[in-house]
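# Just a sequence and a predicted model for now, questions to come.
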Number of protein chains: 2
Amino acid sequence: MRPLFLPTNQLGRIAHVTFIPASTARTVKAVLFDVFGTVVDWRTGVAAAVSRFAGEHGLELDADAFADAWRSRYVPGMRRVSSGERPFALLDVLHRENLDGVLEELGLDPGSFSPAALDELNRAWHLLPPWPDSVPGITALKRDYIVGPLSNGNTSLLLDMAKAGGLPWDVILGSDVSRAYKPAMEAYLRPAAMLGLEPGEVMLAAAHEADLAAARAAGLAAAFISRPLEQGPGIPGAGVATQPWDLSVSSITELASLM
Amino acid sequence: MRPLFLPTNQLGRIAHVTFIPASTARTVKAVLFDVFGTVVDWRTGVAAAVSRFAGEHGLELDADAFADAWRSRYVPGMRRVSSGERPFALLDVLHRENLDGVLEELGLDPGSFSPAALDELNRAWHLLPPWPDSVPGITALKRDYIVGPLSNGNTSLLLDMAKAGGLPWDVILGSDVSRAYKPAMEAYLRPAAMLGLEPGEVMLAAAHEADLAAARAAGLAAAFISRPLEQGPGIPGAGVATQPWDLSVSSITELASLM
């Protein structure tokens, strides 16, 4: 929490804000964010793109269920990379393979659509809408901290998303830079090193406790952001943390107000 | 040059601006910048830090000459990496080694200073001042293009510089991401690929014709930015292009006005 009286410089402005999480006992210099679900609403964004695709191709689809089915293949797809079963592949490539899988699951032949139409649908992941508090919250944090994504998305995906949604990142280092997918330790340690920081000088902000637990194991501070609507409405227990984190908030603007 | 009548969307705002350089015949999507000399004034910034260092250690030094001597070791240091004589090393490491070399050249023993003081002086390269037109020019280009550095600086150096100088980059991929130093082809091709772009969709803007020539050979568009004061005042022929480039301008704001 901000101290009541902040140090000011000669111009009367805040000279330095420090936040020292309990888990690291180090001053935070960078706040890095999980993206899918934490910063952007993947389900709404993907479902809207699926609806457009269905309309253009005369398909009757449950767009929300399609988005959920696509997302359900996300972790297994990355696990095949992390386990060494296959070499590193861009998340764009995994998403595209998973799209074929969902279509087949629905009895649709991916080969019956033009590759360009499927690539366009796959680009939905580049253009997901931020939650309402994301841009103001990240903008506020940027005054005192380095801000960036710490996501399994590749750099071009995260860059397109930032340009489309107005996310004011200082730096974007996608999973294709660290060539590792969370929750592998390298996915947390390599970005910290490239920013010239010790792991304990970095805080991960995320809506998923498994992500936060892995970040903590790698030596990062960890802030939980509640996103009860990530998987859609009416899910019991959604958005509730089951253990204590350095901070636990319901929005990125709240996070900024506490740091 | 912008067409006289720009296409506008329903809100009456510019919907899409395209600039197609002669050398590539492709629409530019990203403008990436050489940094040392092109975006920031390394000589003034380094000389100021050298003056402070000299004052703190009671040394009589010509700070401008020191900055020039330090910079003169820049290309040879990278060449030992590019030639394979040594494995990739961060530019921070090369700058630090070169600092020792300059001190020895002046008859000073690097071991007589605290490592922390030398590291602090080395950080001058992280905090170089932008030329006056850099922030407004990059800000203007950012509306229609992806903007970022394409520099031999490492990511943390470029990030610190951006935070200190207010450079509004969309993305920062330092030489430690491509693990190659310009003018090696990989130094141009890998960043383009990571942005999801073809080389011809990227324009390099730089004050150095050797850099532009290498970018052109790699398939990028090339814009020359005249920086006649980069090496200090009164240098005959400084800032004059010796061959035609896709654009040739005297500031980044002028570049923005033409694209």
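That came through fine.

# Now name the helix or strand holding A:Ala214.
According to DSSP states H and E, A:Ala214 maps onto helix A:209-217.

# what comes into contact with that helix?
The contact list for helix A:209-217, computed with CB atoms under 8 Å, 6 or more residues apart in numbering or on different chains, reads A:23, A:34, A:150, A:182-185, A:188, A:204, A:206, A:221-224, A:241-243, A:245. All C-beta atoms are positioned from the backbone trio N, CA, C, and that covers glycine.

# Would you pull up how far that helix lies from the middle of the chain?
14 Å (CA atoms, centre = their mean, to the nearest Å).

# From the contact counts, what lies against the lowest-mean-pLDDT helix or strand in chain A?
In chain A, no helix or strand scores lower on mean pLDDT, DSSP states H and E than helix A:74-82, which sits at a mean of 94. If you count contacts as 3 or more CB pairs under 8 Å, 6 or more residues apart in numbering or on different chains; DSSP states H and E, helix A:74-82 packs onto helix A:91-105.

# Could you give me the buried positions within the helix it packs on?
A:91-92, A:94-96, A:98-103 (16 or more other CB atoms under 10 Å in any protein chain shown).

# nearest to A:Val249, of the residues you listed?
A:Leu91 (26.7 Å; CB to CB).

# What's the separation between the closest one and chain B?
Going from A:Leu91 to chain B by CB to the nearest CB, to the nearest Å gives 12 Å.

# what does the stretch 51-200 of chain A put close to chain B?
Contact residues (CB under 8 Å from any CB of the partner chain) of the stretch 51-200 of chain A with chain B: A:146, A:154-157, A:159-160, A:162-163, A:169-174, A:176-177, A:194-197.

# Give me the three-state assignment for A:Leu32.
For A:Leu32, the assignment made with DSSP: H, G, I helix; E, B strand; the rest coil gives strand.

# so how many other residues sit close to it?
If you count neighbours by other CB atoms under 10 Å in any protein chain shown, A:Leu32 ends up with 27.

# circling back to that earlier point, relative to the whole chain's centre, how far out is the least confident helix or strand of chain A?
16 Å.

# Let's see the pLDDT reported for the residue with the shortest distance to the centre of chain A.
With distances taken as CA atoms, centre = their mean, the residue of chain A nearest its centroid is A:Val35 (1.3 Å). A:Val35 carries a pLDDT value of 98.

# Flag the shaky bits of the stretch 151-259 of chain A, pLDDT-wise.
Within the stretch 151-259 of chain A, no stretch has pLDDT under 70.

# again with the stretch 1-150 of chain A
Using pLDDT under 70, the stretch 1-150 of chain A drops low at A:1-16.

# rerun at 90
Scanning the stretch 1-150 of chain A for pLDDT under 90 picks out the ranges A:1-18.

# follow-up on the earlier one: quick one: buried residues of the least confident helix or strand of chain A?
A:74, A:77-78, A:81-82.

# Redo these as JSON lines? Include distance to B:Pro233.
Listed next are the buried residues of helix A:74-82 as JSON lines, based on distance: CB to CB, whole Å:
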{"residue": "A:Tyr74", "distance to B:Pro233": "58"}
{"residue": "A:Gly77", "distance to B:Pro233": "58"}
{"residue": "A:Met78", "distance to B:Pro233": "55"}
{"residue": "A:Val81", "distance to B:Pro233": "55"}
{"residue": "A:Ser82", "distance to B:Pro233": "56"}
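
# and which of the residues you listed is nearest chain B?
Nearest to chain B among the buried residues of helix A:74-82: A:Val81, at 17.5 Å, using CB to the nearest CB.

# Would you check that that closest one makes contact with A:Leu91?
No. Taking CB atoms under 8 Å as the definition, A:Val81 is not a contact partner of A:Leu91, at 9.6 Å.

# How is A:Thr27 assigned, secondary-structure-wise?
Going by three-state DSSP: A:Thr27 is coil.

# Look up phi and psi at the nearest residue to it once chain neighbours are set aside.
Excluding its sequence neighbours, the residue lying closest to A:Thr27 (CB to CB, 6 or more residues apart in numbering or on different chains) is A:Thr18, at 4.9 Å. When quoted as degrees, to the nearest 10, the phi and psi of A:Thr18 stand at phi -120, psi 140.

# For chain A, just list every one of the helices.
Taking DSSP state H to define them, one finds helices in chain A at A:42-56, A:63-72, A:74-82, A:91-105, A:115-122, A:134-142, A:155-165, A:175-178, A:185-194, A:209-217, A:252-258.

# Nothing else from me, thank you.
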